[in-house]
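*Asks:* From the sequence below, what's the structure:
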Amino acid sequence: MKAEDIDKNLQQVTENGEHLSPVLPPDIKNYLIDIDGTICDDIPNEEPERMVTAQVYPDALETLNRWYDEGHIIFFFTSRTEAHREVTETWLKEHGFKYHGMVMGKPRGGNYHWIDNHLVKATRYRGKFTDLIDKEVTIQVFDDGKDE
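*Replies:* Predicted coordinates for the structure are as follows:
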């Protein structure tokens, strides 16, 4: 799917006659992928000259490109700043990454806790990029009085 086709896949949602934010069909995932330490060597923003020579994690390239070819949406969500956009886009293209876009300026420091009104699934990268598997885990949620 090309970036310009993403909106064509969005499904309208209404509740009590009011429009809500649209959603993707359940068979299309919207991946937000970190760059440094996830698809390549971990390069801090303070050493941008190293971004040009970062080594690709081959399993990340193969897996992400397959997900893209399967019709999923691939966005890079990085702590790199707007000043690093050009070198980052050049590096991604030179290494053959297929993607739809990039969001710069993710907060640094890890320990992320994402709060959203849409379903969010998080997967911590631990050295190997593979297909995702189902696993039961304990997570923190808001106490809304519902047991789902």
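
*Asks:* alpha carbons only for contacts and neighbour counts from here, please
*Replies:* Will do.

*Asks:* Leaving out chain neighbours, which residue sits closest to P48?
*Replies:* Among residues not flanking P48 along the chain, H84 sits closest, at 7.3 Å (C-alpha to C-alpha, 6 or more residues apart in numbering).

*Asks:* quick check, that neighbour in a helix?
*Replies:* Yes - assessed by DSSP: H, G, I helix; E, B strand; the rest coil, H84 belongs to a helix.

*Asks:* wait, it sits on E47?
*Replies:* No - look at H84 against E47 with C-alpha atoms under 8 Å: they stay out of range, at 10.6 Å.

*Asks:* higher neighbour count, these two?
*Replies:* Taking neighbours as other C-alpha atoms under 10 Å, H84 and E47 compare with H84 leading, 16 against 8.

*Asks:* separation between the more buried one and D42?
*Replies:* 14 Å (C-alpha to C-alpha, to the nearest Å).

*Asks:* Find the centremost residue of the protein, please.
*Replies:* L32 (0.9 Å; C-alpha atoms, centre = their mean).

*Asks:* That one should be in a strand, yeah?
*Replies:* Yes - checked against three-state DSSP, L32 lies within a strand.

*Asks:* Not counting sequence-adjacent ones, nearest residue to it?
*Replies:* F75 (5.0 Å).

*Asks:* by contact count, what packs against the longest helix seen in the chain?
*Replies:* Longest helix in the chain, counting residues (DSSP state H): helix 58-69. Applying 3 or more C-alpha pairs under 8 Å, 6 or more residues apart in numbering; DSSP states H and E, one finds that helix 58-69 contacts strand 73-77.
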